[in-house]
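Colleague: My questions concern the predicted model and sequence given below.
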Amino acid sequence: MTLPQPEATAHTAAVPGRAGLLRRLLRSPVAVTCLVLLVLISLAGLFAPLLTGQDPAHTSLTDSLAPMSGKHPLGGDGVGRDVLARLLYGTRTSLLGALLAVAVALVIGVPAGLVAGYYRKWFDAVSSWLANLLMAVPAIIVLLVVMSAVGQNTYIAMAVFGVLMSPGVFRLIRASVISVREELYVDAARVSGLADPRIIRRHILPVVQAPTVIQAAQMLGLGIVIQSGLEFLGLGSADQASWGSMLNDAFANIYTRPVLMVWPGVALAVTVAAFGLLGNALRDALDGSAVKARRPRGAARKRAAEKKAPSATHETSGADDALLVLEGLKVSYPTAEGEKTVVGGVSLTVRRGEVLGLVGESGSGKSQTAFAVLGLLPREARVSSGRLVFDGKELAGLGRAEMNRYRGRRIAYVPQEPMSNLDPSFRIGSQLVEPVRRHLGLSAAEARAKTLGLLERVGIADPERVFDSYPHQISGGMAQRVLIAGAVSCEPDLLIADEPTTALDVTVQAEVLDLIRSLQRERNMGVILVTHDFGVVADICDRVTVMQTGAVVESAPVRQLFAEPRHPYTRMLLSSTLEDAEPRSALGPAVPASVATSMNTARQEGPA
Amino acid sequence: MTGTLDKELPAEPLLVADDVVVEYPSKGWRKPPFRVLKGVSIAIGAGETLGLVGESGSGKTTLGRAVLGLAPVTSGTVRYRGKVISGLGRKERRALSDDIQVVFQDPYTSLNPAMTVTDVLSEPLRVAGTSRTEAEKRVKDLLDQVRLPADAGERLPREFSGGQRQRIAIARALSRDPRVVVCDEPVSALDLSTQARVLDLFVEIQERTGVAYLFVTHDLSVVRHISHRVAVMCGGEIVETGDAATVTTAPEHPYTQRLLLAAPVPDPGRQAERRAERHRLAAAMAAGTSSNTSVIASTSGDRA
């Protein structure tokens, strides 16, 4: 089979890489402010000897509580030490102490989290148990005990505090590793023969980098606060200047010179806030760049159709029994490079009691067309349509409230993913009863009876049990039956089904299509069935509209379309179906005959 | 590239799974483990494609993962060139990466989004000790083999469409000239026309290199297109095996018959017939009569 049409060429848009993170970060004014402040504070600590000639530990009783002067720009403290010098040198203590605590927390937490998350088993059990234990211990009391045991050393205290913070890091890393190691690319790396350390370094570490950096920024702020708290309590090294001990001194003199509280207070507040806000900005910047492995569905659709296909052969919609007439529907999305047209002038007609198949490949705009009829496009979508006439009424331009009178009541919807369209926190019964009560004004008992009847109608063997179940308790096929029951509960005239069987097994698909067909005949509904599967089209549709890149290329009764497809695209699609492909011969020539016979006689497999 | 496995039994096919059982522990105290595979046996010869068909929960993917060493084999063995490869340690298992490779279903999660295509493709080569320049040459060659432009190497996976990503995944699997590739639903996430082209690529590569495929899929028409032989799985067991033409047109087991009749044909007339047959078979089974194979024979007649 030769298919000349090339696959959609890769779009070569400039993609921001990992290196773009810093640039994105610098675009946020908050982040820039925080970074500048933190750099200034660090420099002040680093160059403290250059910025002041005073010794922060030198006491002089004559300068006790001295006012601001040339000698003491910020005055003197209770025992006559220079406040500015203590503030500058104190920066060193605070930053180094916090850095030490964070370093200890990372050194313990990151490797432990990586190993526990990647290998699981006993190491995970033991380390998680230890982490939980550490988290349950009140940090400040442990610190007080440690200080009283090993003497008043700020750095020992901060190292211990780092140990106490490590469970937080451990849990974060472990959780991120567990989520990545389930990714298929990690499995692929294993099959490629990569050793575990290499898998961790190449595939797992880059993913946990981001949360680690954010967590570290937050922990730095926390470390400074805790350390100052300890020093305020008089538990730090007595000979070291620090913001906490300055606060302690200022507190003693709060009635005579309250201004002494201001300098360490401001320094603490600014530093801690800067670390906190920087952490937030980092998170935002990373969110923006998040290298997502998931299928970019919306994006794919949006970029799908830029060029407008030539206006297609369109049947005249003069029939009187037209249930829905759509003319010249256009849907576009604003993007950075301007407007992107996803649906460019689609016209179609659905008659009462007719199943219209809307067929196309991904990016053809078929789902966007269906959603436009339902009025369910995202807010940023720009819809313009010449006409959208439902049962003789113009729907285009109706407001939300007016549209709601039609949606659910007269135009119903069956989605592709049954499970994600049921709310997991409510019982199935309550989800079905609510719209029935709202639209039909039934009492609770009447609605329940009607819903149970519907569940039975859609082929659910035990309606009472399903009615009282939560969505996770039923299978995917059952969930789709439930959604179909919900869709037809208000006796709609038009049912829009968006790939209703794509997520289902083939035997379940056949049953669900049977169900849709029988309900459609019984109620004489019009149906728009969005699908990419020509087998489904052949099974259920009366008429078919084929879409390509946002435009209708062909529209015809089903037998005619299969017998004499007119548009080359339709012909290409039909020739791609594998149904009529020749099956391969039992064994290719590459296999030696001896192997072939041995294989055929190798085993009698399975039960009869 | 026969590697270190020199003791080759002449009678044994390339890859054999013999009575493989896979169990996962159940949640809850003293509950019996959940048995995903209940003693499955398959054999694949060199250059052959074995299609493994089944519905969700049939265990077909687990069998593929057991062959790859990604699922725990509770009992039974997987043998490659006569040597038992199930239950190997991580290190011994790595030695097999020359011979057994994989293409996964979802081309969106099987490629590390942060690595360029060249990085993705050269990683298995570099692990095997190929020099950087050699690896780069090989990557160019691989890209050419899977019909991707030569400049694709510097780009990130997200810049490619689904079909192109799957080509990258195929190139990665081929990078070290494996003898067996486990293909786990490699085309089910792709558009119809893309699907046909990717399948053609699989066939073409097989004809050129003589690689064997274990091709896991839920789609009978895909399996007919690519397989020499087909095994049908249901509930963790193989219910039917045979050559592709027979199993996908005139199956014997009632479950395969149901699968075949449930798959819609892209032809309104024939599909109406097939639907009628399905209803008739369902009614017959509901009435308790044993499965009627002649039902199938009549529908398959007009297709051959």
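Modeller: Received the coordinates, thanks.

Colleague: in the stretch 451-600 of chain A, what spans have low per-residue confidence?
Modeller: By pLDDT under 70, the low-scoring segments of the stretch 451-600 of chain A are A:580-583, A:585-600.

Colleague: And the helices in it, which stretches?
Modeller: A:463-467, A:476-488, A:506-523, A:534-540, A:558-563, A:568-576, A:593-602 (DSSP state H, counting those that start in this stretch).

Colleague: Identify all contacting residues around the second one.
Modeller: Residues lying outside helix A:476-488 but in contact with it, judged by Cβ atoms under 8 Å, 6 or more residues apart in numbering or on different chains, are A:412-415, A:418-419, A:421-422, A:428, A:431-432, A:435, A:451, A:454-455, A:457-460, A:466, A:471, A:474, A:495, A:500-501, A:503-505, A:508, A:511-512, A:515-516, A:519, A:523, A:525, B:56. Quick note: C-beta positions are derived from backbone N, CA and C, even for glycine.

Colleague: Repeat the analysis, applying 6 Å as the threshold.
Modeller: With contact meaning Cβ atoms under 6 Å, 6 or more residues apart in numbering or on different chains, helix A:476-488 is reached by A:412, A:414, A:418-419, A:422, A:428, A:432, A:454-455, A:458, A:460, A:504, A:508, A:512, A:519.

Colleague: Of the helices of the stretch 451-600 of chain A, flag the one that's most buried.
Modeller: Across the helices of the stretch 451-600 of chain A, averaging neighbours per residue (mean count of other Cβ atoms under 10 Å in any protein chain shown) puts helix A:534-540 on top, at a mean of 25.

Colleague: who does that helix touch, helix- and strand-wise?
Modeller: In terms of contacts (3 or more Cβ pairs under 6 Å, 6 or more residues apart in numbering or on different chains; DSSP states H and E), helix A:534-540 is packed against strand A:355-359, helix A:506-523, helix B:268-286.

Colleague: Include distance to residue B:168 when you put the ones you listed into JSON lines, please.
Modeller: As requested, these are exported to JSON lines (distance: least, Cβ to Cβ, whole Å):
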{"stretch": "strand A:355-359", "distance to residue B:168": "28"}
{"stretch": "helix A:506-523", "distance to residue B:168": "29"}
{"stretch": "helix B:268-286", "distance to residue B:168": "36"}
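
Colleague: Around chain B, which positions in the stretch 351-500 of chain A sit nearby?
Modeller: Neighbours of chain B within the stretch 351-500 of chain A, by Cβ under 6 Å from any Cβ of the partner chain: A:361, A:362.

Colleague: residue of the stretch 351-500 of chain A with the smallest distance to chain B?
Modeller: Going by Cβ to the nearest Cβ, chain B is nearest to residue A:361 of the stretch 351-500 of chain A, at 4.1 Å.

Colleague: burial count for the spatially closest residue to that residue that is not a sequence neighbour?
Modeller: Take residue A:361 and drop its neighbours on the chain: the residue closest to it by Cβ to Cβ, 6 or more residues apart in numbering or on different chains is residue B:191, 4.1 Å away. Per other Cβ atoms under 10 Å in any protein chain shown, the neighbour tally for residue B:191 reads 23.

Colleague: how about the helices and strands packed on helix A:534-540, which one is nearest residue B:63?
Modeller: Nearest to residue B:63, of all the helices and strands packed on helix A:534-540, is helix A:506-523, at 19.1 Å by Cβ to Cβ.
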